[in-house]
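K.L.:
Quick one, what's the 3D model for this:
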Amino acid sequence: MSVLVVVECDKGEVKKSSLEVASYGAQVAQMLGTTATAVAVGEATEANLAQLGEQGISKVLFDNEPRLKDFVNGAYTKLIAAAADKEQAKVIVLANSNIGASVGSRLAVRLKASLATNVVELPKTDGGQFTVKRGAFSGKAFADVVLSGERKIIAVKKNSIEAQHNGGQTAQVESFSAQLSDADFADAPKQVIMQDQAGGILLPEADKVVSGGRGMKGPENWHLIEDLAKALGAATACSKPVSDVDWRPHHEHVGQTGITVSPNLYIACGISGAIQHLAGVNSSKVIVVINKDPEAPFFKAADYGIVGDVFEVLPKLTQAVKELN
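P.N.:
Residues are numbered from 1 along each chain as shown. Below is the predicted model:
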């Protein structure tokens, strides 16, 4: 009875959130006295998959069906279910990502499994029960949930578990076919439009994020956000009002109705901090707020705050980062 970990890949690289999930799955396997096996989805390379041994994965199942490069709900669900059956996995661990959210519910129905999303800690197995702690109400509360099904699916919240790096360990990469048919790709998108973030850093996976709001006063001033992001090696983001008026593309919109991020560093520039925006960023480890209004609600959620004009603060902050680098 192994633990199965779903590993998401993009452009050949394993996503940061999946490295965290791999570490989580390996620790769960150790608790249960078994091993952790991964199944890869997305565009992967065998060399990078083998490096999952550093996170404690012993084996990686890899289906090189070319159509799996892009996310297809039905095909991904069948692939993971087939891997779970092959490995007789009773616990399946995946990231609480867009893919994880889409596949997790389908997988739970298909495997008749208990499902917990937004999980933030390792499970507890006291008294014969399997209990996980999950975030609720946009991170404002936590709930202890008992997974009573024979099979259990855990979707781990990003940035809640630190990825392990045990150098020198490699995982065995094994060819695997889920026997996918054309029908499994029936819900595939007719066209895939790739929208890279500025600097090539995917916003949901970013370790650092620099975000701007209406306080930037217009798209012509966005170079200040981009300059700081480039100096930090960060992704850029924006508030909903900014994307609504087309200052920035909608795939950079962070908040309750946009992308939820969990970076180690989130810098908010000229954003007041409406509750809808906070719901998308309150999992960040460190929040820095720059705003000339000392009464801006965002300061209540900030770890560090600068009361000042973004047009004066940002160039100085960017220069300081460059000098430090």
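
K.L.:
Would you map the strands across the stretch 1-150 of the chain?
P.N.:
3-14, 36-44, 59-62, 91-95, 114-119, 131-136, 141-146 (DSSP state E, counting those that start in this stretch).

K.L.:
hey, which of these is tucked in deepest?
P.N.:
strand 91-95 (a mean of 28; mean count of other C-beta atoms under 10 Å). Every C-beta, even on glycine, is put in place using the N, C-alpha and C of the backbone.

K.L.:
partner strands of it, parallel or antiparallel?
P.N.:
Note on strand 91-95: by DSSP bridges, its sheet partners are strand 3-14 (parallel), strand 152-156 (parallel).

K.L.:
circling back: so which of the strands of the stretch 1-150 of the chain gets nearest Asp227?
P.N.:
Closest approach to Asp227 among these is made by strand 3-14 (25.2 Å; C-beta to C-beta).

K.L.:
before we move on, the earlier item: looking at the strands of the stretch 1-150 of the chain, which is nearest to Ala183?
P.N.:
Across these, Ala183 has its closest neighbour in strand 36-44 (18.4 Å, C-beta to C-beta).

K.L.:
Remind me what that closest one packs against, helices and strands.
P.N.:
strand 3-14, helix 16-32, strand 59-62, helix 73-87 (3 or more C-beta pairs under 8 Å, 6 or more residues apart in numbering; DSSP states H and E).

K.L.:
Quick check: which element contains the residue of the chain positioned farthest from its centre?
P.N.:
Distance from the C-alpha centroid of the chain, by C-alpha atoms, centre = their mean, peaks at Glu312 (32.9 Å). Per DSSP states H and E, Glu312 falls inside helix 310-324.

K.L.:
I'd like the average pLDDT over that helix.
P.N.:
The average pLDDT for helix 310-324 rounds to 96.

K.L.:
Contact partners for Ala113?
P.N.:
92, 107, 149-153 (C-beta atoms under 8 Å, 6 or more residues apart in numbering).

K.L.:
Could you identify the most distant pair in the residues you listed?
P.N.:
Leu107 and Glu150 (14.1 Å).

K.L.:
Those two - which one has more neighbours?
P.N.:
Comparing Leu107 with Glu150 by other C-beta atoms under 10 Å, the one with more neighbours is Leu107, at 23 against 10.

K.L.:
Which pLDDT value belongs to that one?
P.N.:
If you check Leu107, the pLDDT there is 96.

K.L.:
correct me, but it touches Arg151?
P.N.:
No - assessed by C-beta atoms under 8 Å, Leu107 is found out of contact with Arg151, at 9.3 Å.

K.L.:
Now list whatever residues contact both of those two.
P.N.:
The overlap between the contact sets of Leu107 and Arg151 (C-beta under 8 Å, 6+ apart) consists of 84, 92, 113.

K.L.:
List the contacts of Val103.
P.N.:
Contacts of Val103 (C-beta under 8 Å, 6+ apart): 6, 73, 76-77, 80, 94.

K.L.:
Point out the least confident member of those, please.
P.N.:
Asn73 (93).
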